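> please work out how this folds:
(chains A, B and C)
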Amino acid sequence: MAARALDARVRIYRVVRRIPRGRVATYGQIAALAGIPRAPRVVGAAMRDCPAGVPWHRVVNAQGRISPRRRMSGMLTQRILLVQEGVPFRGGRVPLRTHRWPGGGDVSCGSRSR
DNA sequence: GGGCTGACTGACG
DNA sequence: ACGTCAGCCAGCC
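Predicted coordinates:
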């Protein structure tokens, strides 16, 4: 049985991995897709120790900015990676309005604009 | 088993 | 627009 007992972290990694290149998602969005809409902090905790293959740099906060972490170097790295993928930074922040990953991928009912 | 922390978010002044 | 306070969840000591 089991199998479904995957830790929330694993689910988060899976969702983050689904983020297409050139797009970004917010912690809250990832959390919601991972099944824990009330725990955006858990997403951050997971990113803190994310394995390879997980585009952690595509995850930003609801403000479209890079969250302040203990090590500032990481912030710069994230910004560089995003720009490299084609994500423009405006005023030090990403225009979620146009570059936010729709999430789910399918838009049948879409438009869930928060 | 209990308690604290945290790469967050939303509301309020 | 900015700073502050409280809420919520999972992981770790």
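> C-terminal to the helix or strand of chain A with the lowest mean pLDDT, what's the next element?
When the helices and strands of chain A are scored by mean pLDDT, DSSP states H and E, helix A:72-85 comes last with a mean of 91. Next helix or strand after helix A:72-85 toward the C-terminus (DSSP states H and E): helix A:96-99.
> quick check, distance from that following helix to the centre of its chain.
With Cα atoms, centre = their mean, to the nearest Å as the basis, helix A:96-99 stands 13 Å off its chain's centre.
> is any residue of that helix near DNA strand C?
No: judged by Cβ under 7 Å from any atom of the strand, helix A:96-99 stays clear of DNA strand C, getting no closer than 12.4 Å. All C-beta atoms are positioned from the backbone trio N, CA, C, and that covers glycine.
> mind listing residues that contact that helix?
A:22, A:23, A:24, A:26, A:60, A:62, A:64, A:87, A:88 (Cβ atoms under 8 Å, 6 or more residues apart in numbering).
> low-scoring stretches of chain A, by residue?
Applying pLDDT under 70 to chain A flags the ranges A:1-5, A:104-114.
> enumerate the residues of it near DNA strand B.
So chain A meets DNA strand B at A:26-28, A:39-45, A:47-48, A:50, A:56-57, A:59, A:61-63, A:66-70, A:74, A:78, A:114 (Cβ under 7 Å from any atom of the strand).
> now the residue nearest to the spatial centre of chain A: how far from DNA strand C?
Taking Cα atoms, centre = their mean as the criterion, residue A:59 is the residue nearest the geometric centre of chain A, at 2.7 Å. As judged by Cβ to the nearest atom of the strand, to the nearest Å, residue A:59 and DNA strand C stand 16 Å apart.
> doesn't residue A:40 make contact with that residue?
No: applying Cβ atoms under 8 Å as the test, residue A:59 and residue A:40 come out as separate, 10.0 Å apart.
> what is in contact with the two at once?
Residues touching both residue A:59 and residue A:40 (Cβ under 8 Å, 6+ apart): A:26, A:27, A:30.
> ramachandran coordinates for the first one?
This means residue A:26. As for residue A:26, its main-chain torsions (degrees, to the nearest 10) stand at phi -100, psi 160.
> contacting residues for the residue lying closest to it once chain neighbours are set aside?
With Cβ to Cβ, 6 or more residues apart in numbering as the criterion, residue A:26 has its nearest non-adjacent residue at 4.9 Å, and that residue is residue A:62. Residues in contact with residue A:62 (Cβ under 8 Å, 6+ apart) are A:26, A:27, A:28, A:96.
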